[in-house]
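Asker: generate a structure from the sequence data that follows.
(2 chains)
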There are 2 protein chains.
Amino acid sequence: MKCTIDIKREGNSVMAYLPFNPRIEFGIPKGSIYVICTIGGVEFKSKLMSKGNKKYCIFFSKQLLKNLGLNGEEHFNVPLDIVLENIAISEAVEPKMLENDTIRVIRERSSVRSFIDKKVSHMVLDTILYSGLCAPSATNKRPFHFVVTQNREKMLHIMEGNSHYARMLTTAAACIIVCGDKIVQGIPEWLMEDCSAATQNMLLAIHSLGLGGVWCGVKQGSDFYKSIVNEFGLSCHIRPISLIALGYTDEDSPQRNRFEPSKLHYEAW
Amino acid sequence: MKCTIDIKREGNSVMAYLPFNPRIEFGIPKGSIYVICTIGGVEFKSKLMSKGNKKYCIFFSKQLLKNLGLNGEEHFNVPLDIVLENIAISEAVEPKMLENDTIRVIRERSSVRSFIDKKVSHMVLDTILYSGLCAPSATNKRPFHFVVTQNREKMLHIMEGNSHYARMLTTAAACIIVCGDKIVQGIPEWLMEDCSAATQNMLLAIHSLGLGGVWCGVKQGSDFYKSIVNEFGLSCHIRPISLIALGYTDEDSPQRNRFEPSKLHYEAW
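Answerer: Got it, this is the predicted structure:
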């Protein structure tokens, strides 16, 4: 279909809102929407991003703007030709795969955000924490620390900093905050990577033990970050990076096929 | 023991080299060295960091400098009292833990950097890549892409950017570069976390299938980063974040106990 868009700067991004609701226009009630766009004869692929309120937008990288011959940053009433691209995950075929218990846990695990009223034993918690400590780290510096609480009041306190995304803390049996020591690992990107590997180890351990858990990101400097630092008295060289809420669940959340051939690039992009 | 140190700024850090070799002085031939230091009556704990060439140093955070009453940044001939702290990992007791196949894989996996001459089948590679695609991501944006090569020439090309740390590419059967799409996930720390979770999933899958692998960090803007971008023709909105070298191995690398009680903090730091 054809329409016109305004290419504008918003924060650090250059983007354009679509003047229609693509879910209705393209008949995609849920899931990702991939499109092929054409501007001034130049074709490019894009994933539509939701901005809430049924507003969807396209992001433009610097390279894309250059390819489109749009040198300045803001352009109004740009004619756009947009069609649906048929690469939705749900249509992908699951490949022939090997199976073992670990692959099954990786494949079946999904985020659990609602928990039943059942405590987690010390041995279960130790097993989960030990799994985190087994994560690899850049040059084996092991900069991670885990702050653990099973105290509802503390969980509700830190939730105040992120009441929407951390609302699972109202029912979680325990909460593990994965922190990184900025002195031990001075490169911020590696500190985040090491702590993320530890987080993922723990999430897999949680699922393998029959519990459920969810990863909640802690953006540096956010209210959520500050509420965690304050609640647990973290030194300024200790950076909370992620939070895991966990517990037993009666939620049944079967995983769908997540094989996406469009994300795999053999020998070249 | 007593000595004097010079507290200096080096890059973004404030640090001091030790005027002696702590491995010899403290009789710790390998592993981490934890110490308790005293400067001007103020005691603090530290992990000694190796700078190569048998040089070891202590890092000082802003908070620590403040606690020590050292307001300026550089201080010469500072008297230091330093003793070994007895919290080395090797002395920690392994806790009572639950066991299953996934926990065993997490516990046993270690980095493998030398590989035998044996190809990896399509089905094994698909299983590993699918495991990566199963990683959780912030608000389910799934910004990861995997670039895969089994071409030795390409691997040797990209190794030129990081000949020391990426030397396992001389024997690896395959290499997976985990990339993040900066347009799909605009928050850099979450992009890194999502890609790290995918990386860790693949490393665990690799070990569970009887192969070996190692995570090699790709620092943004480094020669290694540039050589990967050039070799595979990545767009400027695609950021290579980590590289996994994998293959079959005849290396026997039993894991040691990695339980470290000093990294676990219950209810408060």
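
Asker: look up the residues forming beta bridges with the residue most central in space within chain A.
Answerer: Residue closest to the average C-alpha location in chain A (Cα atoms, centre = their mean): A:Gly217, at 7.7 Å. Beta-bridge partners recorded for A:Gly217 (DSSP bridges): A:Ser242.

Asker: wait, it touches A:Ser242, no?
Answerer: Yes - with contact defined as Cβ atoms under 8 Å, A:Gly217 counts as touching A:Ser242 (6.0 Å). To be clear about C-beta, it is placed using only N, CA and C from the backbone, and glycine gets the same treatment.

Asker: residues that sit against both of these two, list them.
Answerer: B:Glu193 (Cβ atoms under 8 Å, 6 or more residues apart in numbering or on different chains).

Asker: how near is the residue nearest to the centre of chain A to A:Glu251?
Answerer: Per Cβ to Cβ, to the nearest Å, A:Gly217 is found 21 Å from A:Glu251.

Asker: where exactly do the strands run in the stretch 101-250 of chain A?
Answerer: According to DSSP state E, counting those that start in this stretch, the stretch 101-250 of chain A carries its strands in the segments A:144-149, A:174-181, A:212-217, A:238-247.

Asker: can you pull out the helices in the stretch 1-150 of chain A?
Answerer: Counting by DSSP state H, counting those that start in this stretch, one finds helices in the stretch 1-150 of chain A at the ranges A:22-25, A:62-67, A:101-108, A:122-133.

Asker: of those, which is nearest chain B?
Answerer: Closest of the helices of the stretch 1-150 of chain A to chain B is helix A:101-108, at 3.6 Å (criterion: Cβ to the nearest Cβ).

Asker: just the residues contacting the closest one, thanks.
Answerer: The contact list for helix A:101-108, computed with Cβ under 8 Å, 6+ apart, reads A:97, A:204, A:207-208, A:254-255, B:100-102, B:105, B:127, B:130-131, B:134, B:201, B:204-205, B:207-209.

Asker: how many other residues sit next to A:Ile171?
Answerer: One thing to correct before we go on: residue A:171 is Thr, not Ile. 16 (other Cβ atoms under 10 Å in any protein chain shown).

Asker: and it, backbone torsions?
Answerer: The phi and psi values for A:Thr171, taken as degrees, to the nearest 10, are phi -120, psi -10.

Asker: which residues does it contact?
Answerer: By Cβ under 8 Å, 6+ apart, the contact set of A:Thr171 is A:114-117, A:247.

Asker: do A:Pro240 as well
Answerer: A:147, A:177-179, A:218, A:225, A:228-229, A:234.

Asker: please apply the same query to A:Glu251.
Answerer: Counted by Cβ under 8 Å, 6+ apart, A:Glu251 has contacts A:112-114, A:212.

Asker: mind putting those residues into TSV with neighbour count, distance to chain B and pLDDT?
Answerer: Output for these, formatted as TSV (neighbours: other Cβ atoms under 10 Å in any protein chain shown; distance: Cβ to the nearest Cβ, whole Å; pLDDT from 0 to 100):
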residue	neighbour count	distance to chain B	pLDDT
A:Val112	22	11	93
A:Arg113	20	12	92
A:Ser114	17	16	91
A:Gly212	26	12	97
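
Asker: where does chain A dip in pLDDT?
Answerer: For chain A, the stretches with pLDDT under 70 are A:72, A:86-93.

Asker: does the helix ranked longest in it come close to chain B?
Answerer: In chain A, with assignment by DSSP state H, the single longest helix is helix A:188-208. Yes - judged by Cβ under 8 Å from any Cβ of the partner chain, helix A:188-208 comes into contact with chain B at A:189-190, A:192-193, A:196-197, A:199-201, A:203-205, A:207-208.

Asker: sweet, I'm off.
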